[in-house]
Structure formats: C-alpha cells, structure tokens
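S.K.: How does the following fold in three dimensions:
(chains A, B, C and D)
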2 protein chains.
Amino acid sequence: MSYVHLFRRYLREQGLPVTQQREAVAEVVFESGGHLSVDEIEGLLRERGEKTGKATVYRTMEMLVKSGLVAERDFGEGFKRYEHLFGQMPVHGHLICEECGGVTEIQEVELKRIQDRVAALEGFAPARYRLEIFGLCAVCRAAGHELEWKGLSCPIERV
Amino acid sequence: MSYVHLFRRYLREQGLPVTQQREAVAEVVFESGGHLSVDEIEGLLRERGEKTGKATVYRTMEMLVKSGLVAERDFGEGFKRYEHLFGQMPVHGHLICEECGGVTEIQEVELKRIQDRVAALEGFAPARYRLEIFGLCAVCRAAGHELEWKGLSCPIERV
DNA sequence: CACCTATGGAGAATGATTCTCAATATCTAA
DNA sequence: TTAGATATTGAGAATCATTCTCCATAGGTG
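M.R.: Numbers count the residues shown, from 1 in each chain, chains lettered A, B, ... in the order given. Got it, this is the predicted structure:
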C-alpha cells in the first residue's frame, strides 16, 4: 500500500504521469507476496473491479522493474514472473526444481558482496541481479527422482 | 570438435540415437566461442551446407542443456542464447549493459562455493546455475549514460 | 540385412509480448 | 478551475520465439 508512494515518486522524478492504472497495478503487486505472472496480475485486477488492459500491465511492469522496486524472474515456464523486493535481501535468488517446478527463495547476504565486487572490477554499475539455480528439490529427491543428466560424469569440473 | 564425443556419450547413456543432425548442431555450438541464438545456429548450419530444421535445433539444444555441456542464457532480448561451458568456470555469470547490450563474462570461483552451500542447506541438488547482473558497462558510463532509475534513492537497501 | 522405434522436417499452432491508433486522462499554467 | 499540450489507455492486430503434428526416413539391434 504505502510502497505505492515510492512508485509514484519514481514516476514523478521521471516526469511520467501517475495514472489510476499504474497505481492499481503497483498496489496489486505490492500487496502480493508471491511471484506473479502477468496473467495473475490481470486476474487480481479483475477481482478488484479494475479494467486494466493487458498492454498496460506489461508497460507498468516494465516501469516497476526499472524503478528497482520489482524484480523480473524467469523460472523456465515460458513467461516472466514479478515480485516486489520489500522485506527481501537486495540480492536474492531462487532454487527451481526441474521435477515439480517448486521455487524456493535464497536469501544470502554474501551474494551481494561478491557480485558487487566482481562488477566493480569491470567498472560496471549494477542495477538488477538475477540468480537462478535449477536442480532437484529435497522432496523430489526423497521421492526417488534423479537429475536427467546424472549419467554423464560431468567433464566440466575437470577441464 | 572432440567435445562432440562427450555429447555422443551422453546420448548413448540416455539411450538416445546419435543422429547426423544432433552431431552437426553440437559441432557448430562447440566450435563457437560466443553466445549463440537459435537463429545464429541455424545460420552457421546453413553455411556448412547442413539442412537442419529449426525444430531440430531447438530439440537438440534442449538435450545439450540437459547434458550440462551447454548453458542457456537470457540477456533480455526476448529469446534465448546458448554457450558451451568448456574453458569456463563451472558457475559463471554475465554483466549485461542495459544501454549498449554488451555482455561481459564473470568468472568467479567463490560463486559456486556459496551457491552450493545455499543449495545444500535446503537439501537441493543443483544442476544448472544462472547469474545475470544488469546495469551500465564502463564504456557507457564513461560516455555519460546513467541508470534509468538513478533518480529514486533506493529504498530497498534500507528496508 | 531387416525390423522396430525414435527422429527430422515443413509448416501450422501456440502463446507471450509488443504495437497501433483513436479516445481519454494527466499535468501545467494562467 | 479550466484549457490545452502531451502522454496514456485499451482492444485487438501483429510479432516472433518456441512447440507441436505427422509421416517419411534414419539409427540401432540382432
């Protein structure tokens, strides 16, 4: 709710109009704790009686990402997901299970330190981070599933 | 070239036929040092006189990724890119400039250690890693470009 | 060498994302 | 508060990467 203020501030700083639709999209995203797809955001807007078009949702999500308040994710589903970054480590990643599709957050302080150091070495000014680790979650391992490439003794480690 | 052997081995281990097309795609990918799009791979195959269909390229890339010999990347262009992992750190990421689109490799030993530790905490068996940092490269910074969200004093660090 | 099965290819189908453009909302200044 | 300049919105078309379909064909086994 009040996080929407920050987005409004961002829009004004950029000289962009603060519209009802942009506020509505931001509210829905900031009120949700999960990883939202554009479809889900549209659904939440519809529930609230908002009639925001799909194109507007896409356009607004782009601004939210640029503002740094929201991060874009790709869990390999063929479409993007979005999550706001409040109450999260500034740099956090995801463990994605290739068997069940489950997603676990990784909150790791060290990551930001290391990533910033690497970026600094190159004279690079970092804005957004994205870390995803694909593999098998504990539940699926316990259920007897195995990684598909397990059979090949990994040559990469040895080169 | 000889890396194609490893792919053949993978296919046999999985009980999958080793076809001309699969070998041709693997050769093209292993001979290239860059980040290839499917379009570019198709082009390279055409140059070599191969008549490999687009669907086959996609299917083969999926296998190469599952084999662990090739990694899938998304630099925010709207399509995927692929790179083989030989001669690279097993866990490496990319610095992606939002201004010029330039991509710089990050070879950072610590990353794998940290990421493995985090994964282990959750009982997760990692298979593939993906790390991307978006921002401004040194060249674009020197040229006077600025990050688009710079105006908003970042609230995330403070929460 | 022949059979069985999985693959390959062409193009259609899918589906996320982007674009178009007329109608409308926002912001600024008086 | 209003007028006017400007940017946004929305519906649907357009784009474009990726996946699917189906049958002719190649690969692997004995």
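S.K.: Okay, buried residues for the worst-scoring helix or strand of chain A on mean pLDDT please.
M.R.: Across the helices and strands of chain A, mean pLDDT, DSSP states H and E gives its lowest value to helix A:109-121, namely a mean of 80. The neighbour-count check on helix A:109-121 (16 or more other Cβ atoms under 10 Å in any protein chain shown) flags A:Leu111, A:Lys112, A:Ile114, A:Gln115, A:Asp116, A:Val118, A:Ala119 as buried. For glycine as for every other residue, the C-beta is placed from the backbone atoms N, C-alpha and C.
S.K.: and the longest strand for chain A?
M.R.: When every strand of chain A is counted residue by residue (DSSP state E), the longest turns out to be strand A:125-136.
S.K.: Just the C-alphas of that strand, formatted as CSV.
M.R.: The C-alpha atoms that make up strand A:125-136 are tabulated as CSV, following Å, rounded to 0.1, in the frame of the first residue of the first chain:
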residue,chain,number,x,y,z
ALA,A,125,27.4,-0.2,-12.4
PRO,A,126,25.0,-2.9,-11.3
ALA,A,127,21.3,-2.2,-11.2
ARG,A,128,19.5,-5.5,-11.1
TYR,A,129,20.6,-9.0,-10.2
ARG,A,130,19.2,-12.3,-11.2
LEU,A,131,20.3,-15.7,-9.8
GLU,A,132,18.6,-18.9,-10.5
ILE,A,133,19.7,-22.5,-9.7
PHE,A,134,17.9,-25.3,-11.4
GLY,A,135,18.0,-28.8,-10.0
LEU,A,136,16.1,-31.2,-7.8
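S.K.: could you point out which element follows that strand?
M.R.: helix A:138-142 (DSSP states H and E).
S.K.: For A:Ile41, see how far away A:Gly76 is.
M.R.: Counting by Cβ to Cβ, to the nearest Å, the separation of A:Gly76 from A:Ile41 is 20 Å.
S.K.: What number of residues are in the vicinity of A:His92?
M.R.: 18 (other Cβ atoms under 10 Å in any protein chain shown).
S.K.: who does it bridge with?
M.R.: Beta bridges link A:His92 to A:Gln107, judged by DSSP bridges.
S.K.: Surely it touches A:Glu110?
M.R.: No - with contact defined as Cβ atoms under 8 Å, A:His92 and A:Glu110 do not form a contacting pair (11.4 Å).
S.K.: Give the bridge partners for the residue nearest to A:Cys137 when sequence neighbours are not counted, please.
M.R.: In this structure, A:Cys137 finds its nearest non-sequential neighbour in A:Cys97, 3.8 Å apart by Cβ to Cβ, 6 or more residues apart in numbering or on different chains. Applying DSSP bridges to A:Cys97 yields these beta-bridge partners: A:Gly135.
S.K.: for A:Arg73, same thing?
M.R.: Those that pair with A:Arg73 in a beta bridge, by DSSP bridges, are A:Arg81.
S.K.: tell me the contacts of it?
M.R.: A:His35, A:Lys80, A:Arg81, A:Tyr82, A:Glu83, A:His94, A:Arg130, A:Glu132 (Cβ atoms under 8 Å, 6 or more residues apart in numbering or on different chains).
S.K.: Please identify which pair of these lies farthest apart.
M.R.: Pairwise distances across the contacts of A:Arg73 (Cβ to Cβ) peak at 14.5 Å, for the pair A:Tyr82 and A:Glu132.
S.K.: A:Glu23: what secondary structure?
M.R.: Assigned by DSSP: H, G, I helix; E, B strand; the rest coil, the conformation of A:Glu23 is helix.
S.K.: number of nearby residues for it?
M.R.: A:Glu23, neighbours per other Cβ under 10 Å, totals 16.
S.K.: gap between it and DNA strand D?
M.R.: When Cβ to the nearest atom of the strand, to the nearest Å is the yardstick, A:Glu23 and DNA strand D sit 9 Å from each other.
S.K.: How about A:Gly33?
M.R.: For A:Gly33, the distance to DNA strand D - Cβ to the nearest atom of the strand - is 24 Å.
S.K.: how about the residues of chain A near DNA strand C?
M.R.: A:17-20, A:37-39, A:54-55, A:58, A:62, A:78-80 (Cβ under 7 Å from any atom of the strand).
S.K.: any idea which of those residues is closest to A:Gly144?
M.R.: Distances from A:Gly144 to those, taken by Cβ to Cβ, are shortest for A:Gly78, at 27.4 Å.
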